[in-house]
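J.: Only the shape, not the letters, is given here:
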Ligand SMILES: Nc1ncnc2c1ncn2[C@@H]1O[C@H](COP(=O)(O)OP(=O)(O)OP(=O)(O)O)[C@@H](O)[C@H]1O
Ligand SMILES: O=c1ccn([C@@H]2O[C@H](COP(=O)(O)O)[C@@H](O)[C@H]2O)c(=O)[nH]1
Ligand SMILES: [Mg+2]
């Protein structure tokens, strides 16, 4: 199931930047709010009573989405530690390819430097391998899918959809401030590339968030405030899953 040929499955339209689609405009309003210890909506509850994460099946998969600098990586580290998830960062997988000097490393570096999206053939395969090689029962996929083409390619190749999508909602000015202060030597943390990444986020990443919202899978988290404050909302969301869903057991093994 995880090993279908990706090139045959890719949709025709590439992940290229464009103005927000009418689909995007129409669906922005339907994100689910963060639960405040309230019961999950029936549509979400159905998702979490599936067999994902149970013995013998595939792991429980959560896509973690949000703009550049919205705090995905920061929050994923905490979720992984408190709720027993493996943390797969698509950006880190791509950066590993660059530092390993693989054939595709140079192409990936050029694309990341320009704030564009790496072809699905490359990223989906890296993400698939990472999921397949983990023994964890719960996996966070941080920063993927980046566009509808990525999403469709992943779903076709793996024959699966995420069980949960978390969207970190953050104003642009705050994201820019955080990125400029990150100081990790990333080639894309400069104002020119950041502006491009923000455009790509609006035009190509948001349609993915909106797609999963329309399917009742996406939870929006307010990503302003301190990392501790944001994690409090995150903790409520993941705790509510564990209370209501028999297959989402997060006690450390
Ligand atoms: N709530 C917060 N308040 C202040 N700074 C934060 C907060 N969350 C994260 N940061 C800092 O902002 C920077 C970006 O955070 P992080 O790397 O988690 O974002 P990201 O969404 O993973 O970004 P990217 O998409 O570029 O990988 C980091 O330096 C991080 O320490
Ligand atoms: O699925 C993905 C994930 C990332 N990229 C490229 O990498 C950079 C950095 O990603 P971060 O998640 O911010 O670490 C991103 O701007 C893209 O250029 C990608 O193409 N596809
Ligand atoms: Mg990150």
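T.: Sure thing, it's come through. Since the model is a prediction, treat every value here as computed from it, not as a measurement. Ligands and ions are numbered 1, 2, ... in the order given.
J.: tell me which parts of the stretch 151-253 of the chain are close to ligand 2?
T.: By the rule CB under 6 Å from any ligand atom, the part of the stretch 151-253 of the chain lying against ligand 2 is 188, 197. (Glycine included, C-beta is placed from N, CA and C.)
J.: pLDDT weak spots in the stretch 151-253 of the chain?
T.: For the stretch 151-253 of the chain, applying pLDDT under 70 flags the ranges 243-253.
J.: Which residue does it have closest to ligand 2?
T.: residue 197 (5.0 Å; CB to the nearest ligand atom).
J.: And the helix or strand hosting that residue, what's buried?
T.: Taking DSSP states H and E as the criterion, residue 197 maps to helix 191-200. By neighbour count with 16 or more other CB atoms under 10 Å, helix 191-200 contains the buried residues 193, 194, 196, 197, 198, 200.
J.: repeat for stretch 151-162
T.: Neighbour counts over stretch 151-162 (16+ other CB under 10 Å) mark 151, 152, 153, 154, 156, 157, 158, 160, 161, 162 as buried.
J.: and that stretch, how far from the chain's centre?
T.: Centre-to-centre, stretch 151-162 and its host chain are 13 Å apart (CA atoms, centre = their mean, to the nearest Å).
J.: Can you tell me how far the residue of the stretch 151-253 of the chain closest to ligand 2 is from residue 204?
T.: Using CB to CB, to the nearest Å, residue 197 is found at 10 Å from residue 204.
J.: Can you lay out the buried residues of stretch 151-162 as CSV showing secondary structure and distance to ligand 3?
T.: Formatted as CSV, these follow (DSSP: H, G, I helix; E, B strand; the rest coil; distance: CB to the ion, whole Å):
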residue, secondary structure, distance to ligand 3
151, helix, 18
152, helix, 23
153, helix, 21
154, helix, 18
156, helix, 26
157, helix, 23
158, helix, 22
160, coil, 23
161, coil, 22
162, coil, 18
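J.: In the stretch 51-200 of the chain, what residue comes closest to ligand 3?
T.: residue 73 (3.4 Å; CB to the ion).
J.: For that residue, pull up the helix or strand it's in.
T.: Per DSSP H and E: residue 73 is located in helix 72-83.
J.: wait, does that helix contact ligand 1?
T.: Yes - with CB under 6 Å from any ligand atom as the measure, helix 72-83 is seen reaching ligand 1 through 72, 73, 74.
J.: and residue 87, what element?
T.: Secondary structure from DSSP H and E places residue 87 in strand 86-89.
J.: what pairs with that strand, and is each one parallel or antiparallel?
T.: Sheet pairing of strand 86-89 (DSSP bridges) gives strand 138-142 (parallel).
J.: is ligand 1 contacted by the helix or strand hosting residue 237?
T.: Applying DSSP H and E as the criterion places residue 237 in helix 227-244. Yes - using CB under 6 Å from any ligand atom, helix 227-244 reaches ligand 1 at 227, 230.
J.: What separation do you get for the residue of the stretch 1-150 of the chain found nearest ligand 2 and residue 241?
T.: Distance from ligand 2 to each residue of the stretch 1-150 of the chain (CB to the nearest ligand atom) is smallest for residue 91, at 2.1 Å. The gap separating residue 91 from residue 241 is 25 Å, by CB to CB.
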